[in-house]
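need coordinates for the following:
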Amino acid sequence: MIHKTSKIPHYFLALILFIALAVFMIGCSSNSEENNGDSNAEGQTESVSADDAEAEEEDADVESGASDLYHEIGETFEMIGYYSDVPAEVTVNDIWIEDDPEHQEYIEDNIASPTEDDVVVFVDYTVKNVGDTDMTMGDLIPEYTDANTELDLSYPENDTFTDFTESFQVPLEAGESMDVIGTVPADKKDQYTSALMWNITQDVPEIVFHTPQEERRDKIGTYDIGEDMYLFGQGEDSFYRVNISNIEVVEDYEGIERFDDDSSFFAIDMEFENQLEEDVSLYSTFPSAFANGQEAIYSDNLVIDGQVVEDLYEGPEGEISPGETIEGTVYLEVIDENMEDVKLLYLNPTLLTFPDYAMRINYNVED
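Model prediction:
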């Protein structure tokens, strides 16, 4: 399979400012300890090694950078309306799901093939027009990413929003605020992967995750070689895990035909563990290759026990069953001119067009 996709924006200014502040604060703390050391009766001081301090700084840096990409439940943030170009404040007060039988008709009317796992997601949020001109609710109704649709403000029935489509035209005057409850029918497992997303035309949209990042297995950030990465998490005991133990660049591998004479392979030693309730296609859990801000042209193959998996995309050898763990080497073929710039990452499954929300592998990562 050959892959190609879109541009990755980079956001470094906030990170640089944070690092400078962190270094300054560490320096101040160190000086304070030295000045207080003489007054300690037993001459004991609590110190932090340089390595520990650096590790703490790096962890804080990653956390700060990731948090620039999303907002928390309960946090008020400002956004600019796409249609009106008017600023507004948004606060998501609560998100919850209901599977009461009274919602069954609504689910059946909105999901083509409903199942017993379908629920209704409720979102309680507040909006305020902080601009000088009026705007409509069309700018303020977020998409629920897994369902790939906007919230329905007309369900349950209410006097303010009486129709799904007409809800987008309801005005919000300058200075006016409104408490809103929106709903969307979805699979109950979507709560672990979905997000609310406003103004999707931005390189980095306004995002509030249904399940907060601190409670998710698939956290945004950079992962070291040998570190477990949970690509999917559906509760405490339901997950899909990969671990990359080694990455090398090789020119050829016997049994794999290159698609380009001027290409090489990333040989990625991996372990796959499926603790979900369904089979998973292994190729769908290979890392993606990005170069120069775009997904590189590449092909992927898998070798297990020295044998190339021939039916990777269709046969049973290309799938991993529930409860199964498999080890193998993934060979990503990339054109040579891109090799030095390639970044390996896992795109967020519900934010595929926004690579900033990826899980990045600490290989060839920019300093």
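
give me phi/psi at Asn158?
Backbone dihedrals for Asn158, given as degrees, to the nearest 10, come out at phi -150, psi 170.

show me what contacts the nearest residue to it once chain neighbours are set aside?
Nearest-residue entry for Asn158: Ile181, 8.0 Å, with adjacent residues in sequence omitted and distances by CB to CB, 6 or more residues apart in numbering. Every C-beta, even on glycine, is put in place using the N, C-alpha and C of the backbone. Contacts for Ile181 (CB atoms under 8 Å, 6 or more residues apart in numbering) come out as 122-125, 153, 156, 158.

any idea of the mean pLDDT in the strand or helix carrying Ile181?
Per DSSP states H and E, Ile181 falls inside strand 177-187. The average of the pLDDT scores along strand 177-187 is 98.

start at 44, not 1
Shifting the count to begin at 44 puts that one at strand 220-230.

may I have it as PDB, with CA atoms only?
Taking only C-alpha atoms (Å, rounded to 0.1, in the frame of the first residue of the first chain), the coordinates of strand 220-230 have been written out as PDB:
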ATOM      1  CA  SER A 220     -24.400  34.400  26.400                       C
ATOM      2  CA  MET A 221     -26.400  31.200  26.200                       C
ATOM      3  CA  ASP A 222     -26.400  27.800  28.000                       C
ATOM      4  CA  VAL A 223     -26.700  25.000  25.500                       C
ATOM      5  CA  ILE A 224     -27.200  21.200  25.600                       C
ATOM      6  CA  GLY A 225     -26.300  19.300  22.400                       C
ATOM      7  CA  THR A 226     -26.600  15.600  21.600                       C
ATOM      8  CA  VAL A 227     -25.300  13.100  19.100                       C
ATOM      9  CA  PRO A 228     -26.000   9.400  18.700                       C
ATOM     10  CA  ALA A 229     -22.800   7.400  18.800                       C
ATOM     11  CA  ASP A 230     -21.200   4.100  19.800                       C
END
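
buried sites along that strand?
221, 223-230 (16 or more other CB atoms under 10 Å).

could you list the low-confidence segments of this structure?
44-109, 408-410 (pLDDT under 70).

now with 50?
44-94, 96-108, 410 (pLDDT under 50).

helices of this protein, start to end?
56-80, 93-110, 147-153, 379-382 (DSSP state H).

returning to what we had before: now which of the contacts of Ile224 would you call buried?
Buried among the contacts of Ile224 by 16+ other CB under 10 Å: 165-166, 168, 196.

inside strands: which ones of those residues?
Mapping the buried ones among the contacts of Ile224 onto strands (DSSP state E) picks out 165-166, 168.

rebuild the buried residues of strand 220-230 as JSON lines, extending it with distance to Gly276.
Below are those laid out as JSON lines (distance: CB to CB, whole Å):
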{"residue": "Met221", "distance to Gly276": "34"}
{"residue": "Val223", "distance to Gly276": "29"}
{"residue": "Ile224", "distance to Gly276": "27"}
{"residue": "Gly225", "distance to Gly276": "25"}
{"residue": "Thr226", "distance to Gly276": "24"}
{"residue": "Val227", "distance to Gly276": "21"}
{"residue": "Pro228", "distance to Gly276": "22"}
{"residue": "Ala229", "distance to Gly276": "17"}
{"residue": "Asp230", "distance to Gly276": "15"}
